[in-house]
Structures are given as C-alpha cells and as structure tokens.
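> here is a sequence with its predicted model. Questions after.
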Amino acid sequence: MTKVRIIHLVTHGLLDDFGFGVPGAIALAPDPTPKTEQQDSNGFLTAGEIFDMKLNAELVVLSACETGQGKITGDGVIGLSRSLIAAGVPSVVVSLWSVDDKSTMLAKK
C-alpha cells in the first residue's frame with residue numbers, strides 16, 4: 001500500500017484496543033501462512049499497527065462502523081484516523097456511527 005494514492009476499505013470496524021492502548025481496528029482476512037511469535041496474523045489491522053506504517057496515499061476512506069471514534073484525550077481523538085495521519089495520510093474519511101450496508105453501497109455508486 002505504499003504506492004497507491006487512494007485507499008478505500010469496505011470492512012468491519014472495531015473499537016477494541018487489543019491491549020495496545022490505541023483503540024480501533026479493521027477486520028481483514030487472516031493470513032493463512034505460518035508466522036513467528038512476533039508476527040500477528042489474526043486478520044485485524046489495528047490502529048497501533050497502522051501508526052507504525054509509512055503510507056503515501058493522499059486519501060484513505062474507511063467504510064466501516066465507528067472508525068472515527070477512539071479514546072478522547074487533550075490532544076483530540078486517538079484511534080484509526082489519528083494513526084492514519086501519523087502514517088503519512090493527509091486526508092482521512094471515517095464514520096462516527098454504525099454503517100448500514102445498503103446505504104453505504106448506494107452512497108458509493
């Protein structure tokens with residue numbers, strides 16, 4: 001994903017912090033290849049993992065429930081959107097509420 005300009009993921013969003021202290025994750029297909037103990041192949045891309053990435057995309061759209069929510073601090077909301085910005089993405093579109101599948105499909109046409 002380091003060479004694309006626009007990333008649009010239509011998936012499920014979670015507010016769980018998975019023990020990393022940074023809430024938010026998106027569901028992806030788990031990687032069936034064997035991993036070492038340090039590598040996680042559970043099928044979730046967490047806000048903490050995104051924070052450590054280097055993305056060159058100009059825009060990321062997360063069509064998933066509550067991807068704009070997170071932990072509220074004095075610096076704002078810490079979650080998926082903050083992680084994407086830290087990873088180098090200047091523009092992020094996320095949702096603050098649950099997303100209806102039919103409505104999302106119609107809106108993206």
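The structure has been received and is ready for your questions.

> where in this structure is pLDDT low?
The model of the chain has pLDDT under 70 over residues 1-2, 17-22, 34-41, 75-77, 99-101, 103-109.

> where along it do the strands fall?
In the chain, the strands defined using DSSP state E lie at 6-10, 13-14, 25-27, 44-46, 59-63, 70-73, 76-79, 91-93.

> now those strands in JSON lines, with distance to D52?
Every residue, glycine included, has its C-beta placed from N, CA and C. Shown next, in JSON lines, are the strands of the chain (distance: least, Cβ to Cβ, whole Å):
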{"stretch": "strand 6-10", "distance to D52": "16"}
{"stretch": "strand 13-14", "distance to D52": "18"}
{"stretch": "strand 25-27", "distance to D52": "14"}
{"stretch": "strand 44-46", "distance to D52": "10"}
{"stretch": "strand 59-63", "distance to D52": "16"}
{"stretch": "strand 70-73", "distance to D52": "17"}
{"stretch": "strand 76-79", "distance to D52": "15"}
{"stretch": "strand 91-93", "distance to D52": "17"}
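
> out of those strands, which comes closest to T33?
Nearest to T33, of all the strands of the chain, is strand 44-46, at 16.3 Å by Cβ to Cβ.
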